[in-house]
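Trainee: Here is a sequence together with a model predicted from it:
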Amino acid sequence: GAVVSQHPSRVICKSGTSVKIECRSLDFQATTMFWYRQFPKQSLMLMATSNEGSKATYEQGVEKDKFLINHASLTLSTLTVTSAHPEDSSFYICSARGLVPGLVTDTQYFGPGTRLTVL
Amino acid sequence: GIQVEQSPPDLILQEGANSTLRCNFSDSVNNLQWFHQNPWGQLINLFYIPSGTKQNGRLSATTVATERYSLLYISSSQTTDSGVYFCAVLSGNTPLVFGKGTRLSVIA
């Protein structure tokens, strides 16, 4: 099946620093990538949608200058949390959508997530 | 946008019991997926099921698209079934929209 990887899986950083999270689709070309955030015991909330080579579309309430998204290729998207604060601590999950050989439906596949802790 | 409601929010089962989880959605969908989120946070896709019924081992799912709901059945539950079960829907070209999940605890 299609695989989406994320790196790092866990990161602890000091308040004020920036953290970059990578998301890669390993065996298919992702026409669109999505970034979700999940706080403890809550559901996944969409932060932004990005298409390769164009600017990301952010959901209401998500600061685009704080959460920088770069979708450099059809297999790579990065999320940079700039000047992180303790309230940014969360579980960040990327997702990629594309046509996967052997599957008819254009579906979304999820990475394993990155747990960010800001001290 | 489309609304997704899941019930019950929490469920505690004795090992070996059966359960039914429900997902209601407010508009027509292209696709519907059931996920299990394990204790490490990984989302495991259980079913792609925009309509009809599918079965995979002890799990089965039914979606009645005309009535805008889906059911996930877990039979002979095991402690490893514990976790959060999410229903998510795809409508048009929008991203997957998630329900709030059902937190399942199976006790021995």
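Mentor: Good, I have the coordinates. None of these values were measured; they are calculated from a predicted model.
Trainee: Could you see whether chain B lies near the lengthiest strand in chain A?
Mentor: Using DSSP state E to assign secondary structure, the strand with the most residues in chain A is strand A:90-98. Yes. Using Cβ under 8 Å from any Cβ of the partner chain, strand A:90-98 reaches chain B at A:F91, A:I93, A:S95, A:R97. From N, CA and C alone the C-beta is placed, and that goes for glycine too.
Trainee: just stretch A:39-59 next, same as before
Mentor: Yes. Under the criterion of Cβ under 8 Å from any Cβ, stretch A:39-59 makes contact with chain B via A:K41, A:Q42, A:S43, A:L44, A:L46, A:T49.
Trainee: Sort out for me which of those are in strands.
Mentor: A:L46, A:T49.
Trainee: between the residues of stretch A:39-59 next to chain B, which has the most around it?
Mentor: If you count neighbours using other Cβ atoms under 10 Å in any protein chain shown, the busiest of those is A:L44, which has 26 neighbours.
Trainee: got the angle between the lowest-mean-pLDDT helix or strand in chain B and strand A:90-98?
Mentor: The helix or strand of chain B with the poorest confidence is strand B:43-48; it has a mean of 92 (mean pLDDT, DSSP states H and E). Using axes from the mean of the first three to the mean of the last three Cα atoms, to 10 degrees, the inter-axis angle of strand B:43-48 relative to strand A:90-98 is 40 degrees.
Trainee: Alpha carbons of strand B:43-48, in CSV - could you do that?
Mentor: C-alpha atoms of strand B:43-48 as CSV (Å, rounded to 0.1, in the frame of the first residue of the first chain):
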residue,chain,number,x,y,z
LEU,B,43,-3.9,6.3,11.8
ILE,B,44,-4.7,2.8,10.5
ASN,B,45,-7.1,2.8,7.6
LEU,B,46,-9.8,0.2,8.2
PHE,B,47,-12.2,0.7,5.4
TYR,B,48,-12.9,2.8,2.3
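Trainee: Next secondary structure element downstream of it?
Mentor: strand B:52-56 (DSSP states H and E).
Trainee: Quick check: neighbours of the helix or strand just after that next one in the sheet, parallel or antiparallel?
Mentor: Counting by DSSP H and E, the next helix or strand C-terminal to strand B:52-56 is strand B:59-64. Strand B:59-64 has the following strand partners under DSSP bridges: strand B:52-56 (antiparallel), strand B:69-74 (antiparallel).
Trainee: what's the longest one in contact with?
Mentor: Taking contacts as Cβ atoms under 8 Å, 6 or more residues apart in numbering or on different chains, the residues outside strand B:69-74 that touch it are B:18-25, B:32, B:34, B:46-47, B:49, B:58-64, B:81, B:85, B:87, B:104.
Trainee: Neighbouring strands - and their directions - for the longest strand of chain A?
Mentor: Here strand A:90-98 has these sheet partners by DSSP bridges: strand A:32-38 (antiparallel), strand A:107-110 (antiparallel), strand A:114-118 (antiparallel).
Trainee: related to what we said a few turns ago, could the strands paired with strand B:59-64 be laid out in a markdown table, adding mean neighbour count and mean pLDDT?
Mentor: What follows is those, written out as a markdown table (neighbours: other Cβ atoms under 10 Å in any protein chain shown; pLDDT from 0 to 100):
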| stretch | mean neighbour count | mean pLDDT |
| --- | --- | --- |
| strand B:52-56 | 12 | 96 |
| strand B:69-74 | 20 | 98 |
